[in-house]
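*Asks:* need a structure here:
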Amino acid sequence: MSTCIAGEAGYSRRPIALMDMCGTLCDCSGALSRALERLRGPNEDPLIERLNELPAHLEERRRLIMRAPGFWRELRPLEHGFRLLELLKSLQFDVRVLTKGPSENSQGWMEKVDWCRQHVPELPIIVTDDKTPVWGSVLVEDWPPYIANWLAVWPQGTVVAPAQPWNEDVEGRFPARCIRFDGTNESVLKCRLENIVGRLAAP
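*Replies:* Coordinates of the predicted model:
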């Protein structure tokens, strides 16, 4: 496993929140869908498959798109992700970006750091091959396989899952350990996070 840490990400007395980038702070799936649509041939049907279930020829297009210079650097920020970020900061969490580096594109690691420097310059950045070994009191993550792997290693951890089509059942899969944020349940989420802060502050 390789990990690259940009910024001060050392010991903290505050509860740590690890914040995903793609699908949380920035819109990777939207950028990918738009690029695939631009490359769709005149005799091809519109893309209706989930992006993680592409046929082989579209999977190769996906790889080419995501290796293109600037792809990661130019991703659009997501409003709900920044709402979560502001909530965590207001509760005095020590927030760090935790993102998986593109396995086939080392340039993508640099571009992810560039994106963070532009949009969340105050946050330390951890770019890694595997999020599982990285501890935090809270993981903000949209992708169910990463959620499952992280929770299996950190039984005291809590996951906040920004609502996406691919994680609609995540609360049922991980009862009491995961809360899905869809923009309408901010008060419930805030109470849950306050309990975490209070528990960690207790002597």
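*Asks:* CA only for contacts and neighbour counts going forward, please
*Replies:* Fine.
*Asks:* for this structure, longest strand please?
*Replies:* If you go by DSSP state E, the chain has its longest strand at strand 94-100.
*Asks:* continuing past that one, what's the next helix or strand?
*Replies:* Remark: after strand 94-100, the chain's next helix or strand is helix 106-119, criterion DSSP states H and E.
*Asks:* now that following helix, how far from the centre of its chain.
*Replies:* Distance of helix 106-119 from its chain centroid, counting by Cα atoms, centre = their mean, to the nearest Å, is 14 Å.
*Asks:* pLDDT on that helix, on average?
*Replies:* Averaging pLDDT along helix 106-119 gives 95.
*Asks:* The longest strand of the chain packs against which elements?
*Replies:* Helices and strands touching strand 94-100, by 3 or more Cα pairs under 8 Å, 6 or more residues apart in numbering; DSSP states H and E, are strand 16-19, helix 79-90, strand 125-128.
*Asks:* looking at the ones you listed, which is closest to residue 177?
*Replies:* strand 16-19 (14.5 Å; Cα to Cα).
*Asks:* Okay, buried residues for the following helix or strand past that closest one please.
*Replies:* Going down the chain from strand 16-19, the next helix or strand is helix 28-38, by DSSP H and E. Residues 28, 31-33, 36 are the ones in helix 28-38 that count as buried (16 or more other Cα atoms under 10 Å).
*Asks:* got TSV for these, with distance to residue 145 too?
*Replies:* Converted to TSV, the buried residues of helix 28-38 look like this (distance: Cα to Cα, whole Å):
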residue	distance to residue 145
28	17
31	21
32	20
33	21
36	24
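*Asks:* where does this structure have low pLDDT?
*Replies:* Along the chain, segments meeting pLDDT under 70 span 1-12, 39, 41-58, 202-203.
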